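Participant: Here is the input, now give the coordinates:
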Amino acid sequence: MLKNGLYETILYKMDIFIAPIGVNTDHVKTWLQEESRNAFTLWIIHSKKSSRNPDGTIKHNFPKIAKTLSKELEKSYSRIKIKFKTIDDSFTIQPILDAVNDIIASEESENPLPRQNFVINITGGTNVMAAASMNAAM
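Facilitator: Numbers count the residues shown, from 1 in each chain. Model (predicted):
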């Protein structure tokens, strides 16, 4: 934008939130209650596979957990666009790091957001997901 003959830098007031989830999703709800004022997009990272009991029955259906969370959040945060990123392994650091990097690259390809507009939740998912989120944030 040109102002008084000088180009003015515009900082976006829209944040991209990235939240890994596991069985429990309360951390995302609490996080949005406290921090959603600038949220524009929420990326939910979850395992694409369900966990199974020893007898082979489904213990936790992670895609369903993510969809349920999305539906709940859409009721309270209609202006936030919710997107999903799946990972193959929620107990290894590299898939989570790759997912966060893919999300950032995808968002930056659509709109060159400053890196400070990405917010990564480091409290959710498996312990490995939380550690990887912390590494990705740094």
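
Participant: which intervals of this protein have sub-threshold pLDDT?
Facilitator: The chain contains residues with pLDDT under 70 at 1-14, 113-114.

Participant: Which residue ranges of it form strands?
Facilitator: Under the criterion DSSP state E, the chain carries strands at the ranges 2-3, 6-7, 15-20, 39-47, 51-52, 58-60, 81-87, 118-120.

Participant: Tell me the strands beside the fifth one, with direction?
Facilitator: Each strand paired with strand 51-52, and its direction, by DSSP bridges: strand 58-60 (antiparallel).

Participant: Return the set of buried residues in the strand it pairs with.
Facilitator: By neighbour count on 16 or more other CB atoms under 10 Å, the buried set for strand 58-60 is empty. C-beta: built from backbone N, CA, C; applies to glycine.

Participant: contact partners of that strand?
Facilitator: For strand 58-60, contacts defined as CB atoms under 8 Å, 6 or more residues apart in numbering pick out Gly22, Val23, Ser50, Ser51, Arg52, Asn53.

Participant: What subset of these is buried?
Facilitator: Buried among those (16+ other CB under 10 Å): Gly22.

Participant: any idea which of the contacts of strand 58-60 is the one closest to Gln116?
Facilitator: Gly22 (27.2 Å; CB to CB).

Participant: got a list of what the nearest residue to Asn121 once chain neighbours are set aside touches?
Facilitator: With CB to CB, 6 or more residues apart in numbering as the criterion, Asn121 has its nearest non-adjacent residue at 4.3 Å, and that residue is Ala19. Applying CB under 8 Å, 6+ apart to Ala19 gives the contacts His27, Val28, Trp31, Leu42, Trp43, Ile44, Ile45, Ile120, Asn121, Gly124.
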